[in-house]
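Sharing a sequence plus its predicted fold:
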Amino acid sequence: MDKNLTCKDCGNGKMDKNLTCKDCGNGFVFTSGEQEFYSGKGFPDPVRCGDCRKIKKDSKKNDKSNEQSI
């Protein structure tokens, strides 16, 4: 799939992308709005779906919590 597809009707000129999560292998949509947000912040395209990002984020919180209690 061409990452540089554009849409004349979209406000930001980008089309939704179908991506595959590197953790669970499920497909997820990276919307044109999300692309605009990520681009504006200088973030790379996501490699995990929303569920796996939440799991990873919660895991990091738990790791920090465990470090503080030691």
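Structure's in. What do you need?

where exactly do the strands run in this protein?
17-20, 27-30 (DSSP state E).

Now distance to residue 60 too, for the ones you listed, in a markdown table please.
Where you see a C-beta, it was placed from the backbone N, CA and C, and this is true even at glycine. Below are the strands of the chain laid out as a markdown table (distance: least, CB to CB, whole Å):
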| stretch | distance to residue 60 |
| --- | --- |
| strand 17-20 | 22 |
| strand 27-30 | 20 |
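
Of all the ones you listed, which one is nearest residue 39?
strand 27-30 (11.1 Å; CB to CB).

residues in contact with the closest one?
Strand 27-30 is contacted from outside by 16, 17, 18, 19, 20, 21, 45, 46, 49, 50, using CB atoms under 8 Å, 6 or more residues apart in numbering.

Neighbour count and pLDDT added to those residues, as TSV?
Output for the contacts of strand 27-30, formatted as TSV (neighbours: other CB atoms under 10 Å; pLDDT from 0 to 100):
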residue	neighbour count	pLDDT
16	15	97
17	18	97
18	9	98
19	17	98
20	12	98
21	17	98
45	12	97
46	18	97
49	21	98
50	10	96
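
which of these sit farthest apart?
Applying CB to CB across the contacts of strand 27-30, the maximum distance is between 16 and 21, 15.8 Å.

Leaving out the residues flanking it, which one is nearest to residue 34?
residue 46 (7.9 Å; CB to CB, 6 or more residues apart in numbering).

per-residue confidence for residue 70?
pLDDT recorded at residue 70 is 57.

contacting residues around the residue nearest the centre of the chain?
With distances taken as CA atoms, centre = their mean, the residue of the chain nearest its centroid is residue 46 (3.1 Å). Counting by CB under 8 Å, 6+ apart, residue 46 touches 19, 30, 34, 38, 53.

Buried ones among these?
19, 30, 34 (16 or more other CB atoms under 10 Å).

between those residues, which is closest to residue 59?
residue 19 (21.0 Å).
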